[in-house]
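**Q** Got a sequence here, can you build the structure:
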Amino acid sequence: MVQSNEHEDAVSPTVATVLMVAVTVILAALVASFSLGTLGGLSGNGFVGAKAVRMDDGAILVTYVGGDGAAAVDHLNWTIDGTEQADRLDTTVGSSAINTTVSTDPGKKHRVMVVATYGDGSSLIVLDTAV
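**A** Numbers count the residues shown, from 1 in each chain. Take a look at the predicted model:
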């Protein structure tokens, strides 16, 4: 007597398709929850910017250029090579500050950072450059 195995083959592709769809749905849910959770923490204050230039005498001049979040900025701090500068940077767009210590090595690059602190207490690095 000969037995036919034709009916057993139909179950395997169906189960495989259902499992593939289930895995795809789970992966899509994980990716969506990760991306929405990561982006959900961004501040709604808007972005601002600053620029830094090296003067002929070696001093560094930092200028606040503002941006769409300029109205929400409470104060600005700036550092050169990790040292906070005494000359405060005003929150008025276009204001400038210059470091009080002129570099004795005009060829040396210095790391300049400007951090904006908003009225809600959040902070944002608006400039991180070497001049």
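
**Q** what's the weakest-modelled helix or strand in the chain?
**A** None of the helices or strands of the chain scores lower by mean pLDDT, DSSP states H and E than helix 11-39, at a mean of 81.

**Q** all strands of the protein, in order?
**A** For the chain, applying DSSP state E gives strands covering 49-54, 60-66, 73-80, 83-84, 96-98, 111-118, 123-130.

**Q** Mind giving me the packing neighbours of the least confident helix or strand of the chain?
**A** Packing contacts for helix 11-39, counted by 3 or more Cβ pairs under 8 Å, 6 or more residues apart in numbering; DSSP states H and E, involve no helix or strand. For glycine as for every other residue, the C-beta is placed from the backbone atoms N, C-alpha and C.

**Q** that older thread, could the strands of the chain be laid out in JSON lines, adding mean pLDDT, distance to Thr24 and mean neighbour count?
**A** Output for the strands of the chain, formatted as JSON lines (pLDDT from 0 to 100; distance: least, Cβ to Cβ, whole Å; neighbours: other Cβ atoms under 10 Å):
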{"stretch": "strand 49-54", "mean pLDDT": "92", "distance to Thr24": "42", "mean neighbour count": "18"}
{"stretch": "strand 60-66", "mean pLDDT": "92", "distance to Thr24": "46", "mean neighbour count": "20"}
{"stretch": "strand 73-80", "mean pLDDT": "92", "distance to Thr24": "45", "mean neighbour count": "18"}
{"stretch": "strand 83-84", "mean pLDDT": "88", "distance to Thr24": "52", "mean neighbour count": "10"}
{"stretch": "strand 96-98", "mean pLDDT": "91", "distance to Thr24": "55", "mean neighbour count": "17"}
{"stretch": "strand 111-118", "mean pLDDT": "92", "distance to Thr24": "41", "mean neighbour count": "20"}
{"stretch": "strand 123-130", "mean pLDDT": "91", "distance to Thr24": "37", "mean neighbour count": "15"}
